[in-house]
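Asker: Sequence plus predicted model, see below.
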Amino acid sequence: MQGSNRLFDDFARLMTDAAGAAQGVRREAETVFKAQVERLIRDMDIASREELDVLRDLVSALRSQNDALAARITALEAKVGPEPVAGASEAI
């Protein structure tokens, strides 16, 4: 009976070692894969998160400035009155 228990103990130890080795291989594969993806992204010259945030803020500021200028043009056109459209008298 003692020999049977030892066999099971050895088998359990072998399985534990195999599981530990498999986890080590998995971690190593994940590390290599992550490094390759990071290198690929860096080589593709993709914008970083910080660069995208700065660009989003810039676009937002330009959009509000554009809206303000459009409102100013509308107000100035209302003061001056409608301009004749070029070529409108020729069409009549």
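Answerer: Yep, that arrived.
Asker: what residue lies at the spatial centre of the protein?
Answerer: In the chain, the residue lying closest to the centroid (CA atoms, centre = their mean) is Arg49, at 6.6 Å.
Asker: what's the distance between Val25 and Val32?
Answerer: Using CB to CB, to the nearest Å, Val25 is found at 11 Å from Val32. Heads up, the C-betas are built off the backbone N, CA and C, glycines and all.
Asker: do Ala70 as well
Answerer: 53 Å.
Asker: Ala78 now?
Answerer: Using CB to CB, Ala78 is found at 66 Å from Val32.
Asker: ok, now Ser60?
Answerer: Relative to Val32, and taking CB to CB, Ser60 is found at 40 Å.
Asker: next one: Asp53
Answerer: Between Asp53 and Val32 the distance is 30 Å, computed by CB to CB.
Asker: Helices along this protein, start to end?
Answerer: Along the chain, counting by DSSP state H, helices occupy 2-43, 49-80, 88-91.
Asker: Could you dump the ones you listed into CSV with mean pLDDT added?
Answerer: Shown next, in CSV, are these (pLDDT from 0 to 100):
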stretch, mean pLDDT
helix 2-43, 87
helix 49-80, 95
helix 88-91, 51
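Asker: Please name the nearest non-neighbouring residue to Ala47.
Answerer: Distances taken as CB to CB, 6 or more residues apart in numbering place Leu55 nearest to Ala47, at 7.5 Å, with adjacent residues excluded.
Asker: Can you get me a residue count around the one you found?
Answerer: When neighbours are counted by other CB atoms under 10 Å, Leu55 registers 11.
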